[in-house]
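Undergrad: Below is the structure, and that's it, no one-letter string:
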């Protein structure tokens, strides 16, 4: 069981296949209306308290996103209700909500295009040497000078975080972070835009001097004069 406190209100818990067997629960059987699921949640929150010091009241207002892991088991994202009401729930008003989603959308934010290009080039090199994809699908968004990459991990979440967190700020994996990006940020390029940028960045001049230009279905680099 891997536990990580992203913020004071967001906790990520990765359960392996063996963890699920020890807890005597399956991903398919997860349902907060079921007493077995509530028992598992209480056990997990006890572990969270022991490892992080975060004392989450399972009887309080809590949003839980559950998603399957590629290698078996599942990932649980705990979001504690914000002080302002139900905003942390993305509109949910129930005190305890468990949502199951089949596709994880991890969100990473780059502070500038240079960081984005550096990451894309590093990913292209890693993909060329290992031939092992870290994500199965990705979408690129922009908002002024900042950029966000939404992706569906194809490997363990810890491996994806280890790579991308070197270049970008991790915004979260739950649907709230992804939906907020889709609603308020502008999508650019096509689905493989990020991967294509890696090849472009290696062929162009150093990325610190590069700007990006996009057209429908295409992405290319121009160099500052």
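TA: Received it, and whenever you're ready, just let me know what you need. All values derive from a computational prediction rather than experimental measurement.
Undergrad: And the strand or helix carrying residue 50, how far out from the chain middle?
TA: Using DSSP states H and E, residue 50 falls within helix 35-52. Helix 35-52 has its C-alpha centroid displaced from the chain centroid by 22 Å (CA atoms, centre = their mean, to the nearest Å).
Undergrad: List the neighbours of it that are in contact with it.
TA: Applying CB atoms under 8 Å, 6 or more residues apart in numbering, the external contacts of helix 35-52 come out as 1, 3, 5, 11, 13, 15, 23-25, 29-32, 54-56, 58, 64, 76, 78, 98. All C-beta spots, glycine's among them, are computed from the backbone N, C-alpha and C.
Undergrad: hey, where'd the helices end up in this structure?
TA: Secondary structure of the chain (DSSP state H): helices located at 17-23, 35-52, 113-130, 157-164, 175-184, 193-203.
Undergrad: Nearest to residue 68, out of those?
TA: Proximity to residue 68 (CB to CB) singles out helix 17-23 among the helices of the chain, at 10.3 Å.
Undergrad: So what touches that closest one?
TA: Contacts of helix 17-23 (CB under 8 Å, 6+ apart): 1, 15, 26, 27, 40, 43, 44, 71, 72, 73, 74.
Undergrad: which parts of stretch 2-19 are buried?
TA: Within stretch 2-19, the residues that count as buried by 16 or more other CB atoms under 10 Å are 3, 4, 6, 9, 10, 11, 12, 13, 14, 15, 16, 19.
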